[in-house]
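Asker: just need the structure, nothing else, for what follows:
(one chain, ligands or ions: 1)
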Amino acid sequence: MSKKKKDVPRNESALKAKRISASRSEMAEVVLPAMTNPLGKLLGGHVMHLVDIAAAMAASRHSNSYVVTASVDYIDFRNPINIGEIVTLKSQVNRVFHTSMEVGVKVFSENALTGERKHTTTAYVTFVAIDAITKEPRPVAPLILKSADEKRRWQEAGARRKARLALRYKKRHEKD
Ligand SMILES: CC(C)(COP(=O)(O)OP(=O)(O)OC[C@H]1O[C@@H](n2cnc3c(N)ncnc32)[C@H](O)[C@@H]1OP(=O)(O)O)[C@@H](O)C(=O)NCCC(=O)NCCS
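Answerer: Alright, predicted model coming up:
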């Protein structure tokens, strides 16, 4: 029996299990006037844009693949980020399913003058790996879990997947 297109990995090495640390990514930038609201706070939409980019870095590092954002199921804004501050985003793959991965992102603000640092946002974003040729979802390498925190995040990601797939938009031909 012939395999379905999306079950054929183009790059076998891309399916070798990887440590979570291989996906860990970090990016930083200074908050400039064009990114802020009239109160001089970083726009929530800009934070979401940065979250998407930081999360995509972790997903593509883990999968060695093009990735698309499938859903964002949680994002909060705990503290504002002020103009002139440094915004840092840290991301890592929490769990791999088959062709999709959940990435966790944490955002921090830093006042370089005082050294004060705050955790401002947490977000969970799901990405699907896309085959460069067929443009179809493609399988992703499994994760190697080491620390207790990694195992806890993996467990929690499973519960979030249930909730997000229950809310998933259904195509017209799909039954409720
Ligand atoms: C995401 C997308 C690739 C899924 O394609 P699809 O034909 O529905 O594929 P499938 O039903 O086979 O699902 C593929 C994977 O996506 C996951 N998925 C699909 N919709 C999802 C959603 N709303 N939330 C989380 N995961 C989702 C499925 O669970 C499956 O994961 P698994 O293989 O790990 O179990 C497709 O809907 C798409 O291209 N969406 C647009 C993406 C986009 O443009 N993003 C913004 C720019 S990057």
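
Asker: for the top strand by length along the chain, what is the average pLDDT?
Answerer: The strand spanning the most residues in the chain, taking DSSP state E as the definition, is strand 117-130. Strand 117-130 comes out with an average pLDDT of 97.

Asker: CA atoms of it as CSV?
Answerer: Extracted C-alpha coordinates of strand 117-130, given in CSV (Å, rounded to 0.1, in the frame of the first residue of the first chain):
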residue,chain,number,x,y,z
ARG,A,117,13.0,43.2,34.9
LYS,A,118,9.3,42.0,34.7
HIS,A,119,7.6,39.0,33.2
THR,A,120,4.9,40.7,31.1
THR,A,121,3.3,38.0,28.9
THR,A,122,2.8,34.3,28.5
ALA,A,123,1.5,32.8,25.3
TYR,A,124,0.9,29.3,23.8
VAL,A,125,1.0,29.0,20.0
THR,A,126,0.5,26.0,17.8
PHE,A,127,2.4,25.6,14.6
VAL,A,128,2.1,23.0,11.8
ALA,A,129,5.2,21.9,9.9
ILE,A,130,4.8,22.3,6.2
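
Asker: is any residue of it near the ligand?
Answerer: Yes: part of strand 117-130 sits near the ligand under the criterion Cβ under 6 Å from any ligand atom, namely 126, 128. (C-beta placed from N, C-alpha, C; glycine too.)

Asker: go through that strand and flag the buried ones.
Answerer: Within strand 117-130, the residues that qualify as buried are 120-121, 123-130, counting by 16 or more other Cβ atoms under 10 Å.

Asker: also stretch 91-103?
Answerer: In terms of neighbour count (16+ other Cβ under 10 Å), stretch 91-103 has its buried residues at 91-96, 99-103.

Asker: now these as JSON lines including pLDDT and distance to Met27?
Answerer: Shown next, in JSON lines, are the buried residues of stretch 91-103 (pLDDT from 0 to 100; distance: Cβ to Cβ, whole Å):
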{"residue": "Ser91", "pLDDT": "98", "distance to Met27": "8"}
{"residue": "Gln92", "pLDDT": "98", "distance to Met27": "13"}
{"residue": "Val93", "pLDDT": "98", "distance to Met27": "16"}
{"residue": "Asn94", "pLDDT": "98", "distance to Met27": "18"}
{"residue": "Arg95", "pLDDT": "98", "distance to Met27": "22"}
{"residue": "Val96", "pLDDT": "98", "distance to Met27": "22"}
{"residue": "Thr99", "pLDDT": "98", "distance to Met27": "25"}
{"residue": "Ser100", "pLDDT": "98", "distance to Met27": "22"}
{"residue": "Met101", "pLDDT": "98", "distance to Met27": "18"}
{"residue": "Glu102", "pLDDT": "98", "distance to Met27": "19"}
{"residue": "Val103", "pLDDT": "98", "distance to Met27": "13"}
